[in-house]
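Enquirer: Sequence below, structure please.
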Amino acid sequence: MRHPNGGHKRPRLEDVAARVGVSTASVSLVLRGVSGPSERTRQRVLKAAADLGYQVDRTASTLASRRSRLLGVMVDVRSPFHAELVEHLHTAAEEVGYDLVLSTLTRTRDEQTAVETLLAFRSEALILLGPTSPADTLAALDNKTPVIAVGRRIADAALDVVRTADDVGVGQIVDHLVGLGHREIVYIDGGKGVIATDRRRGYRTAMRRHGLGEHIRVLTGDQTEAAGEHAARQLLHGPRLPSAVVAFNDQSAIGVLTALTRAGVTVPGQVSVVGYDDDTLSRLSCFNLTTVSQSAQEQARHAVTAAVERLDQDRTEPREVVLTPHLVLRGTTAEPG
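Expert: As a prediction, the model looks like this:
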């Protein structure tokens, strides 16, 4: 098949430069998304590349620069929130001339395997979403490759952390429910780990702050819809339903909604339900879930910025960015019936 430039060979960087009348260095900057060339030049280069059918040869550019310009991202495939974070990470990385390599966590694939894969692909920095490895393990990894932990508090962190204040977010939920008149507010836990611990503490602290310590009730759960359904069934089989249920995340909350609806319990008429994360499912009209936003776009931007500062600006001191979450009011909360 002949290329648009009339030859049989794959178009080269020099061909694009000749077509536009600029240097190969300028073309390289444009195609890598690095600032420098004017907007007019950028548009002309992109058009010429498209017309010629030019595609970036990542292998050649990597060998030439000795840099991959890849940020490795560890993501849990079971998390809708992680999927949204990855979308924003892609955008933020492209804006500064980087690309992403993804490595997944599954029920049978652990963090160590995911990280080893990212390093094998020559990731220059690692952005780990909700890591559960011990802090000293992450710090040791950071000594070899810059690590940015997203979404998890790490005490006395020896590495970069970007997160929201989870305890504050759950406190906002309790404040909202108490403001509506709720007193019997049950919390469905998220299992082990720092994130679950922080959210659980936020619930307990807020309940005590409102003088509702005797109403504190925490049910065992995890991060899945199945856990939410199981916890809801426990409540349905109890002597009386609480007036409100707060779930560890949106997936668990959706499980609660499913079980209550199946049992004929109206939400929010009989029971108010609140999730956490503001993931894409929570926004669907069939759920319309009141929840807490973790500002996925902002977290992604800060994570990429931290990586670039470590790689290109010689920053060595670790930094923690703590964002304030905010309550998103939708249709699953109301005054007690």
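Enquirer: all contacts plus neighbour counts: C-alpha atoms, from now on.
Expert: Noted.
Enquirer: Let's see the pLDDT reported for S61.
Expert: We have a pLDDT of 58 for S61.
Enquirer: shift numbering so it begins at 64
Expert: All set: I'll call the first residue 64, so the last point we hit is now S124.
Enquirer: isn't I251 right next to E288, touching?
Expert: No. Using Cα atoms under 8 Å, I251 is not in contact with E288, being 11.4 Å away.
Enquirer: Quick check on those two: which one has the bigger neighbour count.
Expert: I251 (26 against 21; other Cα atoms under 10 Å).
Enquirer: got a list of what that one touches?
Expert: V281, L282, T283, G284, G291, A294, V308, V309, A310, F311, S315 (Cα atoms under 8 Å, 6 or more residues apart in numbering).
Enquirer: if we can go back for a sec, common neighbours of I251 and E288, please.
Expert: Counting by Cα under 8 Å, 6+ apart, the residues touching both I251 and E288 are S315.
Enquirer: Now do the strands in the stretch 164-313 of the chain.
Expert: 188-192, 210-213, 223-227, 248-251, 280-282, 307-310 (DSSP state E, counting those that start in this stretch).
Enquirer: Including mean pLDDT, could those strands go into a markdown table?
Expert: Shown next, in a markdown table, are these (pLDDT from 0 to 100):
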| stretch | mean pLDDT |
| --- | --- |
| strand 188-192 | 97 |
| strand 210-213 | 97 |
| strand 223-227 | 97 |
| strand 248-251 | 98 |
| strand 280-282 | 98 |
| strand 307-310 | 98 |
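Enquirer: With distance to D342 as new columns, can these be given to me in JSON lines?
Expert: Formatted as JSON lines, those follow (distance: least, Cα to Cα, whole Å):
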{"stretch": "strand 188-192", "distance to D342": "15"}
{"stretch": "strand 210-213", "distance to D342": "16"}
{"stretch": "strand 223-227", "distance to D342": "15"}
{"stretch": "strand 248-251", "distance to D342": "18"}
{"stretch": "strand 280-282", "distance to D342": "22"}
{"stretch": "strand 307-310", "distance to D342": "13"}
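Enquirer: Tell me which of those strands sits nearest to T180.
Expert: Closest to T180 of the strands of the stretch 164-313 of the chain, according to Cα to Cα: strand 188-192, at 11.0 Å.
Enquirer: what sits up against the closest one?
Expert: Contacts of strand 188-192 (Cα under 8 Å, 6+ apart): 133-139, 145, 178, 181, 208-214, 366, 370, 374.
Enquirer: need the helix or strand of the chain with the lowest average pLDDT.
Expert: helix 121-128 (a mean of 57; mean pLDDT, DSSP states H and E).
Enquirer: downstream neighbour of that one in the secondary structure list?
Expert: Downstream of helix 121-128, the first helix or strand assigned by DSSP states H and E is strand 133-139.
Enquirer: pLDDT (mean, whole number) over the helix or strand following that next one?
Expert: With elements assigned by DSSP H and E, the helix or strand that comes after strand 133-139 is helix 143-158. Helix 143-158 carries an average pLDDT of 95.
Enquirer: which residues are contacting helix 143-158?
Expert: By Cα under 8 Å, 6+ apart, helix 143-158 touches 96-97, 134, 136, 138-140, 162-163, 192, 340-344, 359-360, 362-364, 366-367.
Enquirer: Check which residues of it are buried.
Expert: P143, F144, H145, A146, L148, V149, H151, L152, H153, T154, A155, A156 (16 or more other Cα atoms under 10 Å).
Enquirer: Also stretch 212-225?
Expert: A212, V213, G214, R215, R216, I217, A220, A221, L222, D223, V224, V225.
Enquirer: The fifth one contacts V257, correct?
Expert: So that's R216. Yes. Counting by Cα under 8 Å, R216 touches V257, with 6.7 Å between them.
Enquirer: Find the residues that touch each one of these two.
Expert: With Cα under 8 Å, 6+ apart, R216 and V257 have no common neighbours.
Enquirer: circling back to that earlier point, right, and out of the buried residues of helix 143-158, which lies closest to P388?
Expert: Looking across the buried residues of helix 143-158 and measuring by Cα to Cα, the closest to P388 is F144, at 14.1 Å.
Enquirer: returning to what we had before: can I have the buried ones of the contacts of I251 as a ChimeraX selection?
Expert: Applied in ChimeraX, the following selects the buried portion of the contacts of I251 according to 16+ other Cα under 10 Å:
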select :281,282,284,291,294,308,309,310,311,315
